[in-house]
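Enquirer: Fold the following and give me the result.
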Amino acid sequence: MADSDPQPASTPLAQLRSSARGWHRVQLATIGFIGLCGVLQGGRPDNPMWLQVLAALLALAALALACAGTFLVARVAWPLYGGRGTPAPDEASELARDGARLRRGLVLTFAAVAVLGLGTATGWWPQPGGSTGGRELVSLQATNGERVCGELGDAGPGRLSVTVNGRPVVVSLADVAALSPVSSC
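Expert: Below is the predicted model:
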(Lines give C-alpha, C1' and ligand atoms only; values in the text may rest on other atoms or scores of the structure.)
Protein backbone atom coordinates (compact mmCIF):
# COMPACT_ATOMS: atom_id res chain seq x y z
CA MET A 1 0.00 0.00 0.00
CA ALA A 2 1.38 3.37 -0.95
CA ASP A 3 1.32 6.39 1.31
CA SER A 4 -0.92 8.27 -1.13
CA ASP A 5 -3.69 5.61 -0.90
CA PRO A 6 -6.39 6.63 1.57
CA GLN A 7 -7.30 4.20 4.30
CA PRO A 8 -10.63 2.60 3.30
CA ALA A 9 -12.08 2.97 6.81
CA SER A 10 -10.93 6.58 7.21
CA THR A 11 -12.81 8.18 4.31
CA PRO A 12 -16.08 9.91 5.15
CA LEU A 13 -17.97 7.61 2.77
CA ALA A 14 -16.50 4.50 4.43
CA GLN A 15 -17.39 5.88 7.86
CA LEU A 16 -20.94 6.59 6.68
CA ARG A 17 -21.30 3.04 5.38
CA SER A 18 -19.94 1.63 8.63
CA SER A 19 -22.45 3.71 10.58
CA ALA A 20 -25.23 2.56 8.25
CA ARG A 21 -24.33 -1.09 8.93
CA GLY A 22 -24.65 -0.48 12.67
CA TRP A 23 -27.99 1.29 12.25
CA HIS A 24 -29.14 -1.54 9.98
CA ARG A 25 -28.75 -4.00 12.86
CA VAL A 26 -30.87 -1.71 15.06
CA GLN A 27 -33.51 -1.54 12.34
CA LEU A 28 -33.66 -5.32 11.98
CA ALA A 29 -34.16 -5.54 15.74
CA THR A 30 -36.97 -2.97 15.41
CA ILE A 31 -38.69 -5.04 12.73
CA GLY A 32 -38.37 -8.10 14.96
CA PHE A 33 -39.83 -6.15 17.89
CA ILE A 34 -42.78 -4.96 15.79
CA GLY A 35 -43.41 -8.52 14.63
CA LEU A 36 -43.14 -9.86 18.17
CA CYS A 37 -45.58 -7.25 19.46
CA GLY A 38 -48.02 -8.22 16.73
CA VAL A 39 -47.76 -11.90 17.63
CA LEU A 40 -47.94 -11.47 21.40
CA GLN A 41 -50.71 -8.90 21.48
CA GLY A 42 -53.89 -10.76 22.35
CA GLY A 43 -56.05 -7.75 21.70
CA ARG A 44 -58.94 -6.56 23.80
CA PRO A 45 -62.19 -7.95 22.41
CA ASP A 46 -64.17 -5.58 24.65
CA ASN A 47 -62.68 -2.56 22.82
CA PRO A 48 -64.83 -0.99 20.10
CA MET A 49 -64.36 -2.62 16.68
CA TRP A 50 -63.13 0.63 15.12
CA LEU A 51 -60.38 0.82 17.73
CA GLN A 52 -59.31 -2.78 17.10
CA VAL A 53 -59.14 -2.07 13.34
CA LEU A 54 -57.17 1.13 14.02
CA ALA A 55 -54.68 -0.78 16.19
CA ALA A 56 -54.19 -3.38 13.44
CA LEU A 57 -53.70 -0.70 10.79
CA LEU A 58 -51.18 1.14 12.97
CA ALA A 59 -49.22 -2.09 13.49
CA LEU A 60 -49.14 -2.73 9.74
CA ALA A 61 -48.15 0.89 9.08
CA ALA A 62 -45.32 0.57 11.62
CA LEU A 63 -44.10 -2.57 9.87
CA ALA A 64 -44.23 -0.86 6.45
CA LEU A 65 -42.35 2.20 7.74
CA ALA A 66 -39.69 0.03 9.38
CA CYS A 67 -39.22 -2.01 6.20
CA ALA A 68 -38.91 1.13 4.04
CA GLY A 69 -36.40 2.65 6.46
CA THR A 70 -34.42 -0.57 6.58
CA PHE A 71 -34.30 -0.68 2.78
CA LEU A 72 -32.94 2.87 2.59
CA VAL A 73 -30.27 2.22 5.19
CA ALA A 74 -29.32 -1.09 3.57
CA ARG A 75 -28.74 0.74 0.27
CA VAL A 76 -26.22 2.93 2.07
CA ALA A 77 -24.61 0.09 4.03
CA TRP A 78 -24.26 -2.24 1.03
CA PRO A 79 -24.52 -0.24 -2.22
CA LEU A 80 -25.17 -1.97 -5.53
CA TYR A 81 -23.29 -0.60 -8.51
CA GLY A 82 -23.66 -1.08 -12.24
CA GLY A 83 -27.37 -1.75 -12.48
CA ARG A 84 -28.38 1.20 -14.68
CA GLY A 85 -25.39 1.69 -16.96
CA THR A 86 -24.76 5.15 -15.55
CA PRO A 87 -21.28 6.24 -14.58
CA ALA A 88 -20.35 5.91 -10.94
CA PRO A 89 -20.89 9.16 -9.04
CA ASP A 90 -17.95 10.97 -7.51
CA GLU A 91 -17.36 10.45 -3.82
CA ALA A 92 -18.71 13.84 -2.73
CA SER A 93 -22.07 13.42 -4.48
CA GLU A 94 -22.29 9.80 -3.33
CA LEU A 95 -21.60 10.91 0.24
CA ALA A 96 -24.36 13.57 0.05
CA ARG A 97 -26.87 11.14 -1.52
CA ASP A 98 -26.11 8.33 0.91
CA GLY A 99 -26.18 10.69 3.88
CA ALA A 100 -29.67 11.82 2.87
CA ARG A 101 -30.78 8.19 2.44
CA LEU A 102 -29.42 7.29 5.87
CA ARG A 103 -31.26 10.23 7.48
CA ARG A 104 -34.54 9.35 5.73
CA GLY A 105 -34.16 5.72 6.71
CA LEU A 106 -33.59 6.59 10.36
CA VAL A 107 -36.53 9.01 10.40
CA LEU A 108 -38.75 6.25 9.00
CA THR A 109 -37.50 3.84 11.66
CA PHE A 110 -38.20 6.23 14.52
CA ALA A 111 -41.60 6.99 12.99
CA ALA A 112 -42.30 3.24 12.91
CA VAL A 113 -41.55 2.96 16.62
CA ALA A 114 -43.81 5.96 17.34
CA VAL A 115 -46.66 4.50 15.26
CA LEU A 116 -46.26 1.16 17.03
CA GLY A 117 -46.42 2.95 20.38
CA LEU A 118 -49.61 4.70 19.31
CA GLY A 119 -51.11 1.40 18.17
CA THR A 120 -50.18 -0.23 21.47
CA ALA A 121 -51.74 2.65 23.41
CA THR A 122 -55.14 1.60 22.09
CA GLY A 123 -54.99 -1.21 24.66
CA TRP A 124 -55.53 1.40 27.37
CA TRP A 125 -58.99 2.28 26.10
CA PRO A 126 -61.30 2.74 29.09
CA GLN A 127 -63.56 -0.21 29.77
CA PRO A 128 -67.08 0.04 31.12
CA GLY A 129 -66.99 -0.49 34.86
CA GLY A 130 -70.52 0.38 35.84
CA SER A 131 -71.34 2.30 38.98
CA THR A 132 -69.04 0.16 41.11
CA GLY A 133 -65.84 1.34 39.43
CA GLY A 134 -65.09 -2.05 37.89
CA ARG A 135 -65.84 -4.23 40.94
CA GLU A 136 -68.09 -7.27 40.54
CA LEU A 137 -71.55 -7.05 42.05
CA VAL A 138 -73.01 -10.30 43.34
CA SER A 139 -76.17 -11.52 44.98
CA LEU A 140 -75.49 -14.05 47.71
CA GLN A 141 -78.11 -16.33 49.24
CA ALA A 142 -77.14 -18.06 52.46
CA THR A 143 -78.38 -21.54 53.46
CA ASN A 144 -80.56 -19.91 56.15
CA GLY A 145 -82.42 -17.92 53.42
CA GLU A 146 -80.76 -14.57 54.06
CA ARG A 147 -79.83 -12.57 50.93
CA VAL A 148 -77.15 -9.89 50.53
CA CYS A 149 -76.11 -7.92 47.49
CA GLY A 150 -72.88 -5.97 47.08
CA GLU A 151 -69.29 -5.97 45.88
CA LEU A 152 -67.47 -9.29 45.91
CA GLY A 153 -64.33 -9.38 48.02
CA ASP A 154 -61.79 -11.84 49.41
CA ALA A 155 -61.97 -12.85 53.05
CA GLY A 156 -59.38 -15.61 53.16
CA PRO A 157 -59.54 -19.39 52.85
CA GLY A 158 -63.03 -20.88 53.15
CA ARG A 159 -64.76 -17.52 53.47
CA LEU A 160 -66.34 -14.96 51.18
CA SER A 161 -66.80 -11.24 51.69
CA VAL A 162 -69.58 -9.13 50.20
CA THR A 163 -69.38 -5.40 50.89
CA VAL A 164 -72.83 -3.95 51.49
CA ASN A 165 -73.13 -0.17 52.01
CA GLY A 166 -69.42 0.06 52.77
CA ARG A 167 -69.43 -2.69 55.41
CA PRO A 168 -68.08 -6.20 54.68
CA VAL A 169 -70.32 -9.19 55.31
CA VAL A 170 -68.15 -12.30 55.73
CA VAL A 171 -69.79 -15.67 55.06
CA SER A 172 -68.36 -19.16 55.31
CA LEU A 173 -68.41 -20.95 51.96
CA ALA A 174 -70.26 -23.82 53.65
CA ASP A 175 -73.11 -21.38 54.37
CA VAL A 176 -73.47 -20.18 50.76
CA ALA A 177 -76.51 -21.64 48.95
CA ALA A 178 -76.23 -19.52 45.76
CA LEU A 179 -73.98 -16.83 44.39
CA SER A 180 -74.75 -15.02 41.15
CA PRO A 181 -73.43 -11.91 39.39
CA VAL A 182 -75.84 -8.99 39.10
CA SER A 183 -75.67 -5.67 37.26
CA SER A 184 -77.08 -3.67 40.17
CA CYS A 185 -78.26 -4.16 43.73
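
Enquirer: Okay, buried residues for the lowest-mean-pLDDT helix or strand in the chain please.
Expert: None of the helices or strands of the chain scores lower by mean pLDDT, DSSP states H and E than helix 12-40, at a mean of 83. Neighbour-count burial for helix 12-40 flags 13, 16-17, 20, 23-24, 27, 30-31, 34, 37-38 (criterion: 16 or more other C-beta atoms under 10 Å). Placement of C-beta: from N, CA and C, glycine included.

Enquirer: same question, stretch 150-165
Expert: 150-153, 160-163.

Enquirer: How about stretch 101-110?
Expert: 101-102, 105-106, 108-109.

Enquirer: quick one, longest helix in the chain?
Expert: Once the chain is assigned using DSSP state H, the helix that runs over the most residues is helix 91-121.

Enquirer: What average pLDDT does that one get?
Expert: Helix 91-121 carries an average pLDDT of 90.

Enquirer: which strands and helices sit next to it?
Expert: Applying 3 or more C-beta pairs under 8 Å, 6 or more residues apart in numbering; DSSP states H and E, one finds that helix 91-121 contacts helix 12-40, helix 49-77.

Enquirer: after that helix comes which helix or strand?
Expert: Using DSSP states H and E, the helix or strand that follows helix 91-121 in sequence is strand 137-142.

Enquirer: strands paired with that next one, and their directions?
Expert: Using DSSP bridges, the strands paired with strand 137-142 are strand 147-154 (antiparallel), strand 176-181 (antiparallel).

Enquirer: any residues touching it, and which ones?
Expert: 130, 147-152, 160, 162, 171, 175-185 (C-beta atoms under 8 Å, 6 or more residues apart in numbering).
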